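Participant: return atomic coordinates for the entry below.
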Amino acid sequence: MTVPATAGNLGPGFDALGLALGVVDEIEVRAVASDDVVLEIEGEGADTLPRDESHLVVRALRAALDHVGASQTGLVIRAHNRIPHGRGLGSSAAAVVAGISAARGLIAEPEALSPEVALEIATSFEGHPDNAAPAIWGGATVAWMDGAMPHAATLQVAAGIETAVLVPGSVLPTTQARSVLPTQVPHRDAAFNAGRSALLVAALAGQPEHLFAATEDRLHQNYRADVMPAAMAMMSHLREQGLAAVVSGAGPSVLVMGAGLAQHGLESGMPQWARGIGGENWRVVHSVERVPGATTRRI
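Facilitator: This next block holds a predicted model:
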């Protein structure tokens, strides 16, 4: 199965808007007639992730099986992790969605783990649905909570709108990024973000000339400046060029949305111009087509 990286917030849409990105983890899960869990991990986290029941993929898989009343089983899991960890690219949401998708592939009635049910289970792990939703449905999504129940809707993104995510070498735990946010914000800032979020939906749907204004934010990015100076330096550098750049999720990666991004030096790779901005060496992942959500294939 595959599951994509995701960017939450997209600037003004705090804990609501999300977008699937062109970096994917590949995971193979096999049920075995024992109580053992065997994990083989390549790529990101190969030296740090647990290889037992505490692994997030395993925990999510078991929660999904319990949710539908299916029997537990031993597991052999091979993971090829490409999504960078601790960079605001939804690596934990991807792991959770991967586990749920694996459970869907193991049960006799996979429709019992519909996308809506998957979102409910994933949100119980994540605490908010903005990364899980695009990991499940792909493309761009808006997610919201109705009491304790998460919901999501897919958003139309016009052909020609591309994404580029700039990934630094350093990491920033989401808990640290959230810890610096205030418990209250001025009414005028909340109103500002509400307007920009609505404008962003329209801009993505076919009015890209409004993307720059639509990605302005007053709820989280400036409050996080002290804990992610490199991200703020890169975002400022790009926005000075008129590019719609935002912090990806809780950072410190930076997301750019727009047309013809390669013309601005945002092709995949490690561009020379980005070296040293904010004291980092940046890697770019450029996506042109819509990125699909999690895919599962039985072998």
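
Participant: so how far is stretch 284-299 from its chain's centroid?
Facilitator: 12 Å (Cα atoms, centre = their mean, to the nearest Å).

Participant: let me know the pLDDT of Arg178.
Facilitator: What the model reports as pLDDT for Arg178 is 88.

Participant: can you list the domains in the protein?
Facilitator: Using automatic domain parsing, the domain parsing of the chain gives 2-155, 162-287.

Participant: among the ones you listed, which comes closest to Ile299?
Facilitator: Closest approach to Ile299 among the domains of the chain (Cβ to Cβ): domain 2-155, 8.0 Å. Just so you know, the C-beta spots here come from the backbone N, C-alpha and C atoms, and that holds for glycine as well.

Participant: could you give the mean pLDDT of that closest one?
Facilitator: The average pLDDT within domain 2-155 is 97.

Participant: and if you look at stretch 214-230?
Facilitator: The model assigns stretch 214-230 a mean pLDDT of 96.

Participant: point out the most buried one among the domains of the chain.
Facilitator: Of all the domains of the chain, domain 2-155 has the most neighbours on average by mean count of other Cβ atoms under 10 Å, namely a mean of 20.

Participant: can you give me the end-to-end distance of it?
Facilitator: 21 Å (Cα to Cα, to the nearest Å).

Participant: wait, Pro12 sits on Ala191?
Facilitator: No. Pro12 is beyond contact range of Ala191, at 11.2 Å (criterion: Cβ atoms under 8 Å).

Participant: which non-adjacent residue is nearest Gln241?
Facilitator: His264 (6.7 Å; Cβ to Cβ, 6 or more residues apart in numbering).

Participant: how close does Glu162 get to Ala143?
Facilitator: Relative to Ala143, Glu162 is positioned 23 Å away (Cβ to Cβ, to the nearest Å).

Participant: and Ala33, by the same measure?
Facilitator: Applying Cβ to Cβ to Ala33 and Ala143 gives a distance of 38 Å.

Participant: and what of His128?
Facilitator: His128 sits 8 Å away from Ala143, going by Cβ to Cβ.

Participant: cool, and Gln272?
Facilitator: From Gln272 across to Ala143, the span is 38 Å (Cβ to Cβ).

Participant: Glu26 too?
Facilitator: Applying Cβ to Cβ, the value for Glu26 to Ala143 is 25 Å.

Participant: same deal with Ser287?
Facilitator: From Ser287 to Ala143 the distance is 20 Å (Cβ to Cβ).

Participant: reformat the domains of the chain as a markdown table; add distance to Thr295.
Facilitator: Formatted as a markdown table, the domains of the chain follow (distance: least, Cβ to Cβ, whole Å):
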| stretch | distance to Thr295 |
| --- | --- |
| domain 2-155 | 5 |
| domain 162-287 | 16 |
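
Participant: which non-adjacent residue is nearest Ala46?
Facilitator: Nearest residue to Ala46 in three dimensions, chain neighbours excluded: Asn81, at 7.3 Å (Cβ to Cβ, 6+ apart).

Participant: hang on, the one you found packs against Ile41?
Facilitator: Yes. Asn81 lies in contact with Ile41 (Cβ under 8 Å); the separation is 6.5 Å.

Participant: joint contacts of these two?
Facilitator: Residues touching both Asn81 and Ile41 by Cβ atoms under 8 Å, 6 or more residues apart in numbering: Leu49.

Participant: right, and the residue nearest to Gln241 touches Glu240 too?
Facilitator: No. Distance between His264 and Glu240: 11.9 Å, which falls outside the contact criterion (Cβ under 8 Å).

Participant: just the strands in the stretch 1-150 of the chain please.
Facilitator: 2-8, 17-32, 37-43, 74-81, 140-146, 149-155 (DSSP state E, counting those that start in this stretch).
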